[in-house]
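**Q** make a model of this:
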Amino acid sequence: MRTVVMNLSGVLRPAAHPDGVDDIGRAIYQSLVQKFRVVLLDTDARADTEHWLGVHGISGYVRAYTPPADFAPRTVAEGRLRLLAAIRASDGADLVIESDPVCAAEEIRAGYTVMLYGKPEYALDIWDPDHPKEARPWDTIVDEIERQRTMKALDSRLKETDD
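**A** Below you'll find the model as predicted:
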């Protein structure tokens, strides 16, 4: 039987309401659990993952995988890849259902078959709760403004014609 790895964050657990459950994500889960072995991946390392699943009546999965306490990846994508490698070694990973487009791209590059669950909350990567909240350096902002001014000045479609 094939194994599907479903990321809890952003698929079953909505980013905007982490105590709730995403109805469409639940429907997908319930459909998959009928024909596949489903492993749930909780990259948030929440101690109450099993409790949250029980409260929302989510059952039938092979196991809920959470990272070890000392887990400290440099990026979200690196963390997901490390956890997926561990899951692939123990349970298999024929399909990964992912909510983060950046992580999905890295997972595809690493050889996983990925289904992107693209809710509007993730239309921009800055909306992802795992996205680093660092201010852009002022020089970078000034350079980008200047680049856009130059591009606008060179755009022939914006120049007036004498017709």
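
**Q** distance of D48 relative to D22?
**A** From D48 across to D22, the span is 18 Å (CB to CB, to the nearest Å). Placement of C-beta: from N, CA and C, glycine included.

**Q** I'd like to know which elements the helix ranked longest in the chain is packed against.
**A** Among the segments of the chain that qualify as a helix by DSSP state H, the longest is helix 138-154. Applying 3 or more CB pairs under 8 Å, 6 or more residues apart in numbering; DSSP states H and E, one finds that helix 138-154 contacts no other helix or strand.

**Q** now that helix - C-alpha only, CSV.
**A** Provided in CSV are the C-alpha atoms of helix 138-154 (Å, rounded to 0.1, in the frame of the first residue of the first chain):
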residue,chain,number,x,y,z
TRP,A,138,17.4,50.0,3.8
ASP,A,139,20.1,49.8,1.1
THR,A,140,18.3,46.9,-0.5
ILE,A,141,15.0,48.9,-0.6
VAL,A,142,16.7,52.0,-2.1
ASP,A,143,18.4,49.8,-4.7
GLU,A,144,15.1,48.2,-5.6
ILE,A,145,13.3,51.6,-6.0
GLU,A,146,16.1,52.8,-8.2
ARG,A,147,16.0,49.6,-10.3
GLN,A,148,12.2,50.0,-10.8
ARG,A,149,12.7,53.7,-11.8
THR,A,150,15.3,52.8,-14.3
MET,A,151,13.1,50.0,-15.8
LYS,A,152,10.1,52.4,-16.0
ALA,A,153,12.3,55.0,-17.8
LEU,A,154,13.4,52.4,-20.3
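
**Q** neighbour count winner among D48 and D22?
**A** Higher neighbour count among D48 and D22: D22, with 22 against 10, using other CB atoms under 10 Å.
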